[in-house]
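Enquirer: Sequence and predicted structure are below.
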Amino acid sequence: MKEFFKQYVPYYKDYKLKFFYAFIGMALAAGGTAGSAYVVKPLLDEIFIAKNLTMLYTIPALVIGLYFAKGFGKYVQSYYISYIGQDIIRKVRDNLLRHTLTLDMEFFQKKHGGELISRITNDINKIQSAVSSQIAEFSKEALTVFALIFVTIYQSAELAFYGLVIMPLAIIPLSKLAKKMKKLSYASQESISDITTHLNEIFNNIEIIKANSTEKIEIDKFVKHNKNFFNISIKTVKTNELVSPVMETLGAFAIAIVIVLGGTKVINGALTVGEFFSFMTALFMLYTPIKKISSLYNKMQSALAANDRINSLLNVKSSIPSGHLIIDEEINEITFKDVSLKYDEVPALNNISLKVKKGETLALVGDSGGGKSSLVNLIIRFYETNEGSITFNDDNIKDINIESLRNSVSIVTQRVYIFNDTICENIAYGQEIDEEKIIKVLKQAHAYNFVSEMENGIHTKLDEFGTNLSGGQRQRIAIARALYKNPQILILDEATSALDNESESIISEVIDEISKDKITFIIAHRLSTVKHATNIAVFKKGEIVCIGNEKQLKKDCDEYKRLHNLANI
Ligand SMILES: Nc1ncnc2c1ncn2[C@@H]1O[C@H](COP(=O)(O)OP(=O)(O)OP(=O)(O)O)[C@@H](O)[C@H]1O
């Protein structure tokens, strides 16, 4: 709990004035509550026993004033505390996404999107009540407790001792319940994360699910996750709801003792009836905030568990540190020297050495799983080499600033990413929109014809995942996006696989033309796509078995000949 506050207290310092207002509200609310307990004494002693007529009118006015103070105080306090809490949560959520996006691809490959969404939404919601309403409630209830304790002691210190001694005894069962709550909360958050992950998977793979009629299998899986969440939630309710009966039973003992002792004092004339009832009212009133504090403490455990999960994400650090060099000159060559890459100790690339110069195109061909995409993953530093070095001109890739590196590269992959935005925004993604330039690249990518036929032309909004486009149209949008960036390095990983032969050969010509001042890498299964490449590297099981132009390979490379023959079957 200490760590939790340590982590969030720095956020609070921006809200000093709001805290001050909230505190005034709290003080009014606590004062109003204690005052309404105190007022029982003059009510009984002055009105009912002494029959004082002035008091008959003064006290009701006082009651109205006290309740107004209590209500107004509560309102002011709730508003300011919620404001502070919500604003802090907004900042924590921003920070969490900011941090998550610094992590490397390996992390995202291993973590499910659904789980991350769950952390950034559900878990943060859990701490929201802790940093805002729970802290406020806790402070308000604690202040009320102090004020009421003051009233009880003021009325009778001896009775107060018997009435309140039970409180410390309650700590033992309550702390046991709190421990259990933290465990249950953790399990509950894991379970909701399973649900989000599964839902994410279902909606992302809906085509496959429908096409295979596996809806029932998915529903059965979901029912299991959902039932698990229900079971944990019910256990949480059982544990949390135990607080109240435990406190009430212990409280009943205290009250019983006080009735016997206090009653005796009233009978002996040591205490007035008013004093006794005022004391009893304060004591009764006292158990409500104490019960609330215990229950809040239990609920706080759920925030602590959520915070553990949030911190475990915040503690993950990128294993690919950025370098300091900013690319501000032309990249004339990229050199791979004895490069090896392993994914979790499984080798994917072995001893790769090659050089690509500006104006050249290197094509990567070979069987599936040969390591072609892995090689381009290294150029954009999605992964780190295990051995060997990659240099841009004479600079080691590890010394180059990652953002600057990626700004110099455009990559089009098999999987086309479309944002839920207009065609303009999708093409200029991350850069200023220049409509003329957008139209130019759309024409180059052979996309302008179908775009101009759309209702709003380049301002047409695309669905997320680009479902209002065909596969080939999506690829053309992705190619246009890559061209718009006008990068020094162009990577096309099966970028034209969904195009018909005619479009592909036209786009290939465009790419040949624009790649004259770039370093280009093309991965393609269709060998016809790459026949004009300066060099073709043939991959097999993570190694380059031959490298050369098409003519040389056709002559000397058995593996290339095999691929060529397969393509012609
Ligand atoms: N993120 C990853 N984590 C673990 N292993 C991976 C990852 N990406 C690729 N691999 C493995 O590395 C090897 C090379 O894969 P890679 O994707 O580079 O091949 P490829 O030649 O591009 O294949 P394809 O033509 O099918 O796209 C494969 O055995 C693959 O299973």
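Expert: Structure's in. What do you need?
Enquirer: Report pLDDT for the residue in the chain sticking out farthest from the centre.
Expert: Distance from the C-alpha centroid of the chain peaks at Asn268, with 65.9 Å (Cα atoms, centre = their mean). pLDDT recorded at Asn268 is 90.
Enquirer: cool, the one 5 residues further on as well?
Expert: pLDDT, Val273: 87.
Enquirer: Touching, it and Val266? I think so.
Expert: Yes: using Cβ atoms under 8 Å, Val273 is in contact with Val266, at 6.0 Å. From N, CA and C alone the C-beta is placed, and that goes for glycine too.
Enquirer: Within range of the ligand, give me the residues from this structure.
Expert: Residues of the chain lying near the ligand by Cβ under 6 Å from any ligand atom: Gln109, Tyr343, Ala348, Gly366, Ser368, Gly369, Gly370, Gly371, Lys372, Ser373, Ser374, Phe539.
Enquirer: Buried members of these into ChimeraX, please.
Expert: The buried subset of the residues of the chain next to the ligand, as determined by 16 or more other Cβ atoms under 10 Å, is captured in ChimeraX by this line:
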select :348,366,370,371,372,373,374,539
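Enquirer: can the residues of the chain next to the ligand go into JSON lines with extra columns for secondary structure and pLDDT?
Expert: Shown next, in JSON lines, are the residues of the chain next to the ligand (DSSP: H, G, I helix; E, B strand; the rest coil; pLDDT from 0 to 100):
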{"residue": "Gln109", "secondary structure": "helix", "pLDDT": "81"}
{"residue": "Tyr343", "secondary structure": "strand", "pLDDT": "87"}
{"residue": "Ala348", "secondary structure": "strand", "pLDDT": "87"}
{"residue": "Gly366", "secondary structure": "strand", "pLDDT": "87"}
{"residue": "Ser368", "secondary structure": "coil", "pLDDT": "85"}
{"residue": "Gly369", "secondary structure": "coil", "pLDDT": "85"}
{"residue": "Gly370", "secondary structure": "coil", "pLDDT": "85"}
{"residue": "Gly371", "secondary structure": "coil", "pLDDT": "88"}
{"residue": "Lys372", "secondary structure": "helix", "pLDDT": "90"}
{"residue": "Ser373", "secondary structure": "helix", "pLDDT": "90"}
{"residue": "Ser374", "secondary structure": "helix", "pLDDT": "90"}
{"residue": "Phe539", "secondary structure": "strand", "pLDDT": "89"}
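Enquirer: Show me which positions of stretch 232-245 end up buried.
Expert: Neighbour counts using 16+ other Cβ under 10 Å place Ile232, Lys235, Thr236, Thr239, Asn240, Leu242, Val243 of stretch 232-245 among the buried residues.
Enquirer: could these go into a markdown table alongside secondary structure and pLDDT?
Expert: Listed next are those as a markdown table, based on three-state DSSP; pLDDT from 0 to 100:
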| residue | secondary structure | pLDDT |
| --- | --- | --- |
| Ile232 | helix | 93 |
| Lys235 | helix | 92 |
| Thr236 | helix | 88 |
| Thr239 | helix | 85 |
| Asn240 | helix | 80 |
| Leu242 | coil | 83 |
| Val243 | helix | 76 |
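Enquirer: Closest to the ligand out of the residues you listed?
Expert: Nearest to the ligand out of those is Ile232 (Cβ to the nearest ligand atom; 32.4 Å).
Enquirer: Ignoring the adjacent residues along the chain, who's closest to the closest one?
Expert: Ser188 (4.6 Å; Cβ to Cβ, 6 or more residues apart in numbering).
Enquirer: Over to Gly370?
Expert: Nearest residue to Gly370, sequence neighbours excluded (Cβ to Cβ, 6+ apart): Phe539, at 3.5 Å.
Enquirer: Surely the one you found is in contact with Gly369?
Expert: No: the criterion here is Cβ under 8 Å, and Phe539 misses it with Gly369 at 9.1 Å.
Enquirer: one step back: how deep is the residue nearest to Ile232 tucked in, by neighbour count?
Expert: Ser188: 23 surrounding residues under other Cβ atoms under 10 Å.
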